[in-house]
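Visitor: Pasting the sequence and the predicted model now:
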Amino acid sequence: MVDAKDFFDVGLAFHGHKCPAMPLGLRAAAAAMNTLGVERARDKELHVISETGKGHAAGCFLDGIMTATGCTYGKSNIEKLYYNKMAFTLVDVAGKKAVRVSLKPGFFARMLQSPFVEERKKGVLPQDIPAAIADPLVEKVMTMPEEMFLDIGPLQDYVLERKPGVFAAAPCSRCGEMVFVDKLVESESGPICLGCRQQEA
Ligand SMILES: [Zn+2]
Ligand SMILES: [Zn+2]
C-alpha cells in the first residue's frame, strides 16, 4: 500500500511552500495507486492525465500527484487537459488499466472558503501565510479518510498509445543548435528548428 505521508517531505521540498493543495494531490495519487495496485513509476510505468489547468486556485494539486506517482514532465509520462477541474486519471501502462480520481464537489467548494484561500484572495503569497493557518489545514488533508474528500472511479480498461523515444538529433541549419530530428522542419536553407521557423514567420 502506498502511504501519502511517505512522500510529504519530498513533495514539500519540490513544491516550495506549505499549502493544502499539494498534500491533496499526494492523497489523491496514493488512492489512485492503491486502486490500481501499483508502485511509484521509476520510468514510465504510470501515466497521468490531469484535468487541472493553469492560473486557478489549488493548481498545486498536480505537484502532489507528480511527487507521489513519479509521473513528471521530464519523463513525459504526464499531460494536462486544461479543463480547470480537480481531477486526474492514472494509467497503469503495462496492466492496461486506469482509474479516475476527483475531489468531491462539496469538499472542494468548502476548501475554496478556507482561511488559506481567503488569504490568497487578499494577495498574500502562499509562503507568507502564517503556519497557524496553513498547518491545521495540511494536517487535516493528510489525515482525513479518503471517502470524505475523494471520488474514486472504477477500474477501467485503458491502452496507452506510446511512440518510441527519439534518440537522433541534428543541427538546425540556421542557429546551429542540436534538435531532435522529429522536430526539424524543412526550409529553403535546409532543415531548421521550430524556434528559427517562428522567427521567419
Ligand atoms: Zn501550493
Ligand atoms: Zn534554429
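Guide: That came through, no problem. This structure is a prediction, so every number in the text was calculated from the model and none was measured. Ligands and ions are numbered 1, 2, ... in the order given.
Visitor: near ligand 2, which residues of this structure show up?
Guide: 172, 174-175, 193, 196 (CB under 5 Å from the ion). C-beta coordinates here come from the backbone N, C-alpha and C atoms, glycine included.
Visitor: Narrow the residues you listed to just the buried residues.
Guide: Neighbour counting by 16 or more other CB atoms under 10 Å classes 172, 174, 193, 196 among the residues of the chain next to ligand 2 as buried.
Visitor: Tell me which two of these sit farthest apart.
Guide: Farthest-apart pair in those is Arg174 and Cys193; separation 7.4 Å (CB to CB).
Visitor: re earlier: which one of the buried ones among the residues of the chain next to ligand 2 sits closest to Gly25?
Guide: Cys193 (34.4 Å).
Visitor: residue contacts, the closest one?
Guide: By CB atoms under 8 Å, 6 or more residues apart in numbering, the residues touching Cys193 are 172, 174-175, 177, 179, 183-185.
Visitor: filter those residues down to the ones near ligand 1?
Guide: Within the contacts of Cys193, nothing lies near ligand 1 by CB under 5 Å from the ion.
Visitor: what packs against the top helix by length along the chain?
Guide: Determined from DSSP state H, the single longest helix within the chain is helix 21-36. Counting contacts by 3 or more CB pairs under 8 Å, 6 or more residues apart in numbering; DSSP states H and E, helix 21-36 packs against helix 8-15, helix 61-69, strand 87-92, strand 97-103, helix 131-143, strand 150-152.
Visitor: Would you tell me which residues of the protein are close to ligand 1?
Guide: 19, 22, 60.
Visitor: among these, who's most crowded?
Guide: For these, the largest number of neighbours (other CB atoms under 10 Å) sits with Met22, at 29 neighbours.
Visitor: What number of residues are in the vicinity of Ala87?
Guide: Neighbourhood size, Ala87 [other CB under 10 Å]: 18.
Visitor: To clarify, my last question referred to Met1.
Guide: If you count neighbours by other CB under 10 Å, Met1 ends up with 6.
Visitor: Kindly provide the distance from the nearest residue to it once chain neighbours are set aside to ligand 2.
Guide: Sequence neighbours aside, Asn34 is the residue nearest to Met1 in space, at 5.7 Å (criterion: CB to CB, 6 or more residues apart in numbering). Asn34 sits 46 Å away from ligand 2, going by CB to the ion, to the nearest Å.
Visitor: and Asn34, how many neighbours?
Guide: Residues near Asn34, counting by other CB under 10 Å: 16.
Visitor: Got the confidence number for it?
Guide: Asn34 is assigned a predicted lDDT (pLDDT) of 98.
Visitor: Alpha carbons of the longest helix of the chain, as PDB, please.
Guide: Taking Å, rounded to 0.1, in the frame of the first residue of the first chain, the C-alpha atoms of helix 21-36 are listed here in PDB:
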ATOM      1  CA  ALA A  21      -3.500  21.600  -2.300                       C
ATOM      2  CA  MET A  22      -0.100  19.800  -2.800                       C
ATOM      3  CA  PRO A  23      -1.000  17.300   0.000                       C
ATOM      4  CA  LEU A  24      -4.400  16.800  -1.500                       C
ATOM      5  CA  GLY A  25      -2.500  15.700  -4.700                       C
ATOM      6  CA  LEU A  26      -0.400  13.300  -2.600                       C
ATOM      7  CA  ARG A  27      -3.500  11.700  -1.100                       C
ATOM      8  CA  ALA A  28      -5.400  11.500  -4.300                       C
ATOM      9  CA  ALA A  29      -2.400  10.000  -6.100                       C
ATOM     10  CA  ALA A  30      -2.000   7.400  -3.300                       C
ATOM     11  CA  ALA A  31      -5.700   6.500  -3.600                       C
ATOM     12  CA  ALA A  32      -5.300   6.000  -7.400                       C
ATOM     13  CA  MET A  33      -2.100   4.000  -7.000                       C
ATOM     14  CA  ASN A  34      -3.700   1.700  -4.300                       C
ATOM     15  CA  THR A  35      -6.800   1.200  -6.500                       C
ATOM     16  CA  LEU A  36      -4.500   0.100  -9.400                       C
END
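Visitor: Thank you, goodbye.
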